[in-house]
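Chemist: Predicted coordinates and the sequence they were generated for:
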Amino acid sequence: MKNKILTLLITYSFFIVENNNYYINKEKESKQTELQYKITTNRIDKSHIVSKQSNLLTNSKNSIYSMRTGGVDKKSLSLPPLYSKMKKNSILLISATNRKGSLSLVIATYYANILKERGIKVNLLSLEELPKDFTSTALYEQQGKSDAFNKLKTLIEQSQRMIWIVPEYNCSFPGVFKAFIDGLPLNNKKNILKGKKVAFVGVSRGLGGCRSGLDHLTIIGNYLDMQVLPKKIYLSGIKEINLEHIKKEFPHYLELIDRQVDNFLIWSES
C-alpha cells in the first residue's frame, strides 16, 4: 500500500513539473509571437535603439544651416566625430545625361556643395564628358580601348559610394546613361559596380520626377549586386534650369535633399 502511495506521489510530482514547463514554454512563445508582431507591424518602441549618430547629425545639420544663414563663422565650425570619419571616404556624384547645361548637373552641383559643407570629399562625373563616339569606341569588343571613356570608368572603380542624379526622358532614364553602364566591365569575373552603395535622385520638368526611370535603375542595380538606398527622392515640376528658381518655387526640395544626404551618410557607413 505504501509503495502504491509513494508511486502515485512521484507520478504526480512529475506531472506538476511537466505541466509547469509546458506553461512556461507557452508563455515564452506567446511573448516571442507578440514581439514579432510588433516588429512586423512597426508598432515596437524603437527609442531605446536610436544611436548617438542621430544627435551628431542633428547638431551638424543645425550648425551647417546656421553657417548658410550667416549665424556661424565657418572657421569656428568643427565637424562632429561621425562626419570626421566619413571625411576620409569620397562620394561620386553622377549627372546622368550628356545634354549641355542640364538641370541634372545643377542639382548634382548643389549636392556637391552640401557634401563639401559636411566635410566630405566629392567627385563629380557629368556624362557631358563622354566622348561623342563612345558607343563605337568603348562598348562590346572595343571595351577598355577608349582612353577618354576609361578615365570616367576609373572614377567609378575608385568610388564605393555614389549618388546618381537622373533626369526623366520618355518615361524612363536617358539611353546614354544605359549605354554608359553597358560600357563598364560588369561580367562575372570583374563587375566594378558590385557591392557599391548608391542613392538615386529623380529630376523632371513634368510631374513624374523620373519615378519609373528610378524603378528601372533599381532593377539594374539589384541585378548588378549594388546596394541601393531604399529612400529615393523625386524632384518634379522644375521648369527652369537654375538653382534660384528651385530655392524660390520648391524650398521643400532642398529639405528633402538635406535629409537624403544625412540618411545616405549614415546608411553608407553601416
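Modeler: Now that the structure is in, tell me what you want to look at. Treat the numbers as computed from the prediction; the structure is a model and nothing was measured. Numbering: from 1, shown residues only.

Chemist: How much space separates G202 from S90?
Modeler: Going from G202 to S90 by C-beta to C-beta, to the nearest Å gives 23 Å. Heads up, the C-betas are built off the backbone N, CA and C, glycines and all.

Chemist: Touching the strand or helix carrying I219 from outside, list them.
Modeler: I219 is located in helix 211-223, with elements delineated by DSSP states H and E. The contact list for helix 211-223 (C-beta atoms under 8 Å, 6 or more residues apart in numbering) reads 164, 166, 168-169, 171-173, 181, 193, 198, 200, 202, 228, 232, 234.

Chemist: sorry, back to before: which one of G202 and S90 is surrounded by more residues?
Modeler: The neighbour count for G202 versus S90, taken as other C-beta atoms under 10 Å, is higher for G202 (25 against 17).

Chemist: just to revisit the earlier point, quick check on the contacts of helix 211-223: which are buried?
Modeler: The neighbour-count test (16 or more other C-beta atoms under 10 Å) marks 164, 166, 168-169, 172-173, 181, 193, 198, 200, 202, 228, 232, 234 as buried among the contacts of helix 211-223.

Chemist: Return the member of these nearest to L254.
Modeler: Using C-beta to C-beta, Y234 is the member of the buried ones among the contacts of helix 211-223 that sits closest to L254, with 14.4 Å.

Chemist: picking that back up, could you provide the buried ones among the contacts of helix 211-223 in CSV, with additional columns for secondary structure and pLDDT?
Modeler: Output for the buried ones among the contacts of helix 211-223, formatted as CSV (DSSP: H, G, I helix; E, B strand; the rest coil; pLDDT from 0 to 100):
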residue, secondary structure, pLDDT
W164, strand, 98
V166, strand, 98
E168, coil, 97
Y169, strand, 96
S172, strand, 96
F173, coil, 97
I181, helix, 97
L193, coil, 97
V198, strand, 98
F200, strand, 98
G202, strand, 98
V228, strand, 98
K232, coil, 96
Y234, strand, 98
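
Chemist: Turn those into a markdown table, columns for distance to G119.
Modeler: Shown next, in a markdown table, are those (distance: C-beta to C-beta, whole Å):
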| residue | distance to G119 |
| --- | --- |
| W164 | 22 |
| V166 | 26 |
| E168 | 32 |
| Y169 | 34 |
| S172 | 35 |
| F173 | 31 |
| I181 | 30 |
| L193 | 26 |
| V198 | 21 |
| F200 | 24 |
| G202 | 27 |
| V228 | 25 |
| K232 | 25 |
| Y234 | 28 |
